[in-house]
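Asker: Show me the folded form of this:
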Amino acid sequence: MKTAATAPADAPASAISAASSTAPRPPAPVAPASHSGALPARHLLLAVAVVAVWGSNFPVIKIALNHLPPLLLATLRFALAALPALWLIRRPKARWRNLAAYGLLIGVGQFGLLFIAMTRFISPGLASLVIQIQVFFTVGLAMAMAGERVRAYQVLAMLLAVAGIALIGWHAVTDGASITPIGLVLILLAALSWAAGNIVSRSAGRVDAVGYMVWSSLFAVPPLLLLSLWLEGWPAIRAGVASADWATWAAVLWQAVGNTLFGYAAWAWLLARHPAASVTPMALLVPIFGMGTSALWLGESLPGWKIVAALLVMGGLTVNVLWPRLQARWRAARD
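Answerer: Numbering: from 1, shown residues only. Sure thing, here's the model as predicted:
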């Protein structure tokens with residue numbers, strides 16, 4: 001499976017799976033490899049800024065959820081990402097049904113479930129970490145569809161990540177302070193939806209990442225709005241909007257402008273000028289920023305078990321991302 005030049009998601013997430021062997025987001029044109037492979041200082045700072053925005057978005061989500069119902073927040077996020085950008089960004093060369101499928105999977109599946117989980121079932125820092133398991137869901141789905149066998153380094157990477165998730169799951173059952181069993185299940189389902197969205201975006205081919213995200217967001221808004229009206233109800237929506245302060249609306253705006261438009265545009269700009277192998281490993285910093293900013297801004301605790309779980313999950317992600325490249329360098333050096 002080839003590496004795609006894409007952005008995360010929120011996330012998020014996201015871009016870690018772009019650094020893996022599967023495509024998490026619609027790929028931007030990949031630039032020819034530079035001579036050194038290293039990013040210039042300004043471009044490196046831009047890449048760090050993007051992953052910092054993506055990681056710190058998790059406590060920002062929590063700030064918005066203090067007043068707004070989760071499905072309403074998701075509706076507003078995708079509505080603002082689509083409008084008025086629809087009038088400024090050309091529709092990507094992807095089929096309407098592909099855009100619709102991606103919008104539903106990412107809008108309703110990933111972010112709808114993520115926001116519900118973050119209301120009271122999981123802390124923002126842990127959410128930023130656990131959702132990255134989508135990398136392995138994406139790899140598994142892609143391999144199942146392509147009939148490829150799992151490689152040894154991927155088994156090692158999955159075992160490390162699963163050990164980290166198992167540790168988190170143990171504390172979800174025995175502790176329940178930072179995460180509950182419901183929260184863990186919701187985040188894993190969100191990660192699975194993200195992974196399915198990755199497969200859909202991969203089938204779109206090489207399209208503009210920003211345009212793909214903007215136009216697919218259009219298809220996320222109607223079902224999210226209907227679900228919000230049905231499950232949350234008009235009284236809760238009206239009360240949430242009425243109680244929202246400037247910080248809430250700034251957090252909502254940040255979801256669309258900072259996290260989506262700036263993040264995707266900057267990431268695509270970097271990928272158009274540098275090899276994916278030089279850019280995408282930076283996305284491994286997303287959970288670090290997520291857990292760090294949650295601790296600094298929201299006072300989320302970082303006990304030893306969280307650190308160990310993070311090291312295990314991040315270790316699995318690192319092996320999955322970097323091992324093929326290190327192996328290629330070793331072979332090139334021997335030849």
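Asker: in the helix or strand harbouring Phe58, what counts as buried?
Answerer: Using DSSP states H and E, Phe58 sits within helix 41-65. In terms of neighbour count (16 or more other Cβ atoms under 10 Å), helix 41-65 has its buried residues at 43-44, 46-47, 50-65. C-beta coordinates here come from the backbone N, C-alpha and C atoms, glycine included.
Asker: Check stretch 199-212 too.
Answerer: Buried residues in stretch 199-212, counted by 16+ other Cβ under 10 Å: 199-202, 204, 207-212.
Asker: The residues you listed: which two are farthest apart?
Answerer: Ile199 and Val210 (20.3 Å; Cβ to Cβ).
Asker: just to revisit the earlier point, make TSV from the buried residues of stretch 199-212 and add secondary structure, distance to Ala100 and pLDDT to it.
Answerer: As requested, the buried residues of stretch 199-212 are exported to TSV (DSSP: H, G, I helix; E, B strand; the rest coil; distance: Cβ to Cβ, whole Å; pLDDT from 0 to 100):
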residue	secondary structure	distance to Ala100	pLDDT
Ile199	helix	15	90
Val200	helix	10	92
Ser201	helix	12	89
Arg202	helix	16	86
Ala204	coil	12	88
Val207	coil	15	86
Asp208	coil	18	86
Ala209	helix	18	84
Val210	helix	18	86
Gly211	helix	15	90
Tyr212	helix	12	91
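Asker: wait, which of those residues is closest to Ala163?
Answerer: For the buried residues of stretch 199-212, the nearest to Ala163 is Ile199 (25.6 Å; Cβ to Cβ).
Asker: what pLDDT, on average, does the longest helix along the chain get?
Answerer: Using DSSP state H to define each element, the chain has its longest helix at helix 304-334. The average pLDDT within helix 304-334 is 87.
Asker: go on, stretch 71-90?
Answerer: 91.
Asker: List of residues touching that stretch?
Answerer: The list of residues contacting stretch 71-90 from outside it, by Cβ atoms under 8 Å, 6 or more residues apart in numbering, reads 61, 64-65, 68, 103, 107-108, 111-112, 115-116, 208, 210-211, 213-215, 217-218, 220-221, 224-225, 227-228, 231-232, 237, 240-241, 252-253, 255-257, 260-261.
Asker: Now, these that are in helices?
Answerer: Using DSSP H, the subset of those located in helices is 61, 64-65, 103, 115-116, 210-211, 213-215, 217-218, 220-221, 224-225, 227, 237, 240-241, 252-253.
Asker: So how do I select the buried members of these in PyMOL?
Answerer: Under the burial definition 16+ other Cβ under 10 Å, those of the ones in helices among the contacts of stretch 71-90 that qualify are selected in PyMOL by:
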select buried, resi 61+64+65+103+115+116+210+211+213+214+215+217+218+220+221+224+225+227+237+240+252
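Asker: ok, now how distant is the residue lying closest to Arg149 once chain neighbours are set aside from Met158?
Answerer: Closest residue to Arg149 apart from its sequence neighbours, by Cβ to Cβ, 6 or more residues apart in numbering: Met143 at 7.5 Å. Distance, Met143 to Met158, using Cβ to Cβ, to the nearest Å: 11 Å.
Asker: How about Thr180?
Answerer: Per Cβ to Cβ, Thr180 is found 24 Å from Met158.
Asker: got it, and Val257?
Answerer: Remark: distance between Val257 and Met158 (Cβ to Cβ) = 36 Å.
Asker: Who has more neighbours out of the two?
Answerer: In this view Val257 and Met158 are compared by other Cβ atoms under 10 Å, and Met158 has more residues nearby, 19 against 14.
Asker: State the helix or strand in which that one lies.
Answerer: Per DSSP H and E: helix 152-174 holds Met158.
Asker: got the angle between that helix and helix 304-334?
Answerer: Helix 152-174 runs at 180 degrees relative to helix 304-334, counting by axes from the mean of the first three to the mean of the last three Cα atoms, to 10 degrees.
Asker: okay, helix 152-174 in CSV with CA atoms only?
Answerer: What follows is helix 152-174, C-alpha atoms only, in CSV (Å, rounded to 0.1, in the frame of the first residue of the first chain):
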residue,chain,number,x,y,z
ALA,A,152,6.1,-8.5,11.0
TYR,A,153,6.7,-4.8,11.9
GLN,A,154,3.0,-4.2,11.7
VAL,A,155,2.3,-7.0,14.1
LEU,A,156,4.7,-5.4,16.5
ALA,A,157,3.2,-2.0,16.1
MET,A,158,-0.3,-3.3,16.7
LEU,A,159,0.7,-5.2,19.8
LEU,A,160,2.3,-2.1,21.3
ALA,A,161,-0.8,0.0,20.5
VAL,A,162,-3.2,-2.7,21.7
ALA,A,163,-1.3,-2.9,25.0
GLY,A,164,-1.7,0.8,25.5
ILE,A,165,-5.4,0.6,24.7
ALA,A,166,-5.8,-2.4,27.1
LEU,A,167,-4.1,-0.4,29.9
ILE,A,168,-6.5,2.5,29.2
GLY,A,169,-9.4,0.1,29.1
TRP,A,170,-8.4,-1.4,32.5
HIS,A,171,-8.5,2.0,34.1
ALA,A,172,-11.8,2.7,32.3
VAL,A,173,-13.3,-0.3,34.2
THR,A,174,-11.5,0.1,37.5
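Asker: Many thanks, we can stop here.
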